[in-house]
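In: Sequence and predicted structure, then a few things I'm wondering about:
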Amino acid sequence: MSFSSVQFLFAFLPLAWAAYYLLPPRVRNAVLAVFSLVFVIWAGWRGTAILLAFTAFNWAAGLLIGRASRKRALLTAAVVCNLAALGFFKYAGFVTENINALLPGALPVLSVAMPLGISFYTFQGISYCVDTARGDIAPTRNPLRFFLYMAFFAHVSSGPILRWSDQQTALDPRAPGRRVDAARFCNGIQRFTLGLAKKALLADPLGSVYAAVNSAPAQTLPAPVLFAGATAFFFQLYYDFSGYSDMAVGLGEMFGLTMPENFDYPYLSRTVGEFWRRWHMTLGAWFRRHLYFPLGGSRCSLGRTCLNLFVVFLCTGIWHGAAWQYVAFGVWHGLLACAERLGLARRLEKLPGWVSHVYLVAAVWIGFVFFGANGLGQALAALRGMFTLQAGNPGMTFAAFVGPKEWLLFAAAVLFCGPLQAIFPRLRSWARDGRSPRPLTMALLAVLLFFSIVQVTAGNYQAFIYAQF
């Protein structure tokens, strides 16, 4: 069930509001747990059973680690079990397929459907166990609160990736921070509406442009069409995922559970390192805390620091999906991060700001060509076609893919992804200030909501891209 679906907007969410606010506060966690369970059941019973198993395992592991004298051994077992299960559901088919490509018939073909949100809640479970072993948190004895930490419907499918230390107080229904007044509820609606508008009015139409381009072999398309398709995906991915994150934050505010920010206008960045501090911020924080720092971070030699960076970005690429284009995506960003650490970043600082910004946009744009392609071969063919200015097949004209409507869409995508906020800095914070929307803001939100619902009810919405990860 997508946040931008008719079922969610007109049935699930109103019923959740009614049950949450009409029933006594002491049962509100139970209400959210029931609706979260319904949300994941909608995606399939099998995925629900797997989520419940992960939740029970990590809850029990936290209790055992908290009591144990030899915490490291139990923590290692818990982390290995989590990663092994994630590896089976996410990568078993990819591994067997590639082994069979080298050694035909060596292994039985595995086709394992990936459960909803497994990449996100697995990392949350690992974070919980690690923080328990370090003594940063005390393990909870309340399974209901732990289930909400793992599976609250606002974040279970695509994040943000949470830490128990940031959520444990709010998960107490009697805690002061759980109180939702009119200002907080209205602010939640504002964030949700902005996220829905990003998704319905920008991401999905851009996705249609990219789908049209991507439906044809890259070798048959002229370079301008390939460039338009890659640019459409470049913006689609941002508006799709940042829109989801806005909606998740808004839902959390409506129910008294604060979600961490996941985006900070990443396309305003000037280096790859800065980009990844602004894009999918909770994933970047997870990898820094649980992989980069344990490897030594930047507290070692320059060569070892570069190796640590490369390993982190390689793992980031692999985390996104079981396909070679995601490996290439991670390698590309890892090489750029290493180049910046070796001196490229210092050289960029000495150049005019627009030069470093163009570098960052070009670097990320190329990386997203790999990210969005149907396969590594398609990505390489698209890049080859663009850089060699291929003519393409007769009839594959630019006008057949991009018309006046698409030009307006691209202009809006460029404007709202950061430049407008850079020109008018107050726009960067107005949606996050926590105050009740003012009359003019309410009118704007009503217009955005109306046109977003028109798109949704017309059946033009698409699944969130990160739900597949």
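Out: Thanks, I have the structure now. Numbers count the residues shown, from 1 in each chain.
In: how many other residues sit next to residue 114?
Out: Residues contacting residue 114 under the criterion other C-beta atoms under 10 Å number 19. From N, CA and C alone the C-beta is placed, and that goes for glycine too.
In: That one is in contact with residue 88, isn't it?
Out: No: counting by C-beta atoms under 8 Å, residue 114 stays clear of residue 88, with 10.2 Å between them.
In: Alpha carbons of the worst-scoring helix or strand of the chain on mean pLDDT, as PDB, please.
Out: Sorting the helices and strands of the chain by mean pLDDT, DSSP states H and E puts helix 419-423 at the bottom, at a mean of 88. In PDB, the C-alpha atoms belonging to helix 419-423 read as follows (Å, rounded to 0.1, in the frame of the first residue of the first chain):
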ATOM      1  CA  PRO A 419      18.000  26.600  -6.500                       C
ATOM      2  CA  LEU A 420      14.800  28.400  -5.400                       C
ATOM      3  CA  GLN A 421      15.700  27.500  -1.700                       C
ATOM      4  CA  ALA A 422      19.200  28.800  -2.200                       C
ATOM      5  CA  ILE A 423      17.900  32.100  -3.600                       C
END
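In: mind listing what's buried in that helix?
Out: By 16 or more other C-beta atoms under 10 Å, the buried positions in helix 419-423 come out as residue 421.
In: and the next helix or strand after that helix, how far from the chain's centre?
Out: Downstream of helix 419-423, the next assigned helix or strand under DSSP states H and E is helix 439-457. Taking C-alpha atoms, centre = their mean, to the nearest Å, the mean C-alpha location of helix 439-457 is offset from the chain mean by 24 Å.
In: Check stretch 46-56 too.
Out: The chain centroid and the centroid of stretch 46-56 are separated by 21 Å under C-alpha atoms, centre = their mean.
In: Can you list the neighbours in contact with that stretch?
Out: The contact list for stretch 46-56 (C-beta atoms under 8 Å, 6 or more residues apart in numbering) reads 37, 40-41, 82, 85, 89, 113, 115-118, 121-122, 125, 143, 146-147, 150-151, 156.
In: Would you mind listing which of these are buried?
Out: Those of the contacts of stretch 46-56 that meet the buried threshold are 37, 40, 82, 85, 89, 115-118, 121-122, 125, 146-147, 150-151, 156, by 16+ other C-beta under 10 Å.
In: Cross those against strands and list the overlap.
Out: Judged by DSSP state E, strands contain none of these.
In: Which members of those residues are positioned in helices?
Out: Residues of the buried ones among the contacts of stretch 46-56 located in helices (DSSP state H): 37, 40, 82, 85, 89, 118, 121-122, 125, 146-147, 150-151.
In: Can I get these in TSV including pLDDT and distance to residue 97?
Out: Conversion of these to TSV gives the following (pLDDT from 0 to 100; distance: C-beta to C-beta, whole Å):
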residue	pLDDT	distance to residue 97
37	97	33
40	95	28
82	97	24
85	94	20
89	91	15
118	95	19
121	96	26
122	97	22
125	97	27
146	97	36
147	97	34
150	97	30
151	96	30
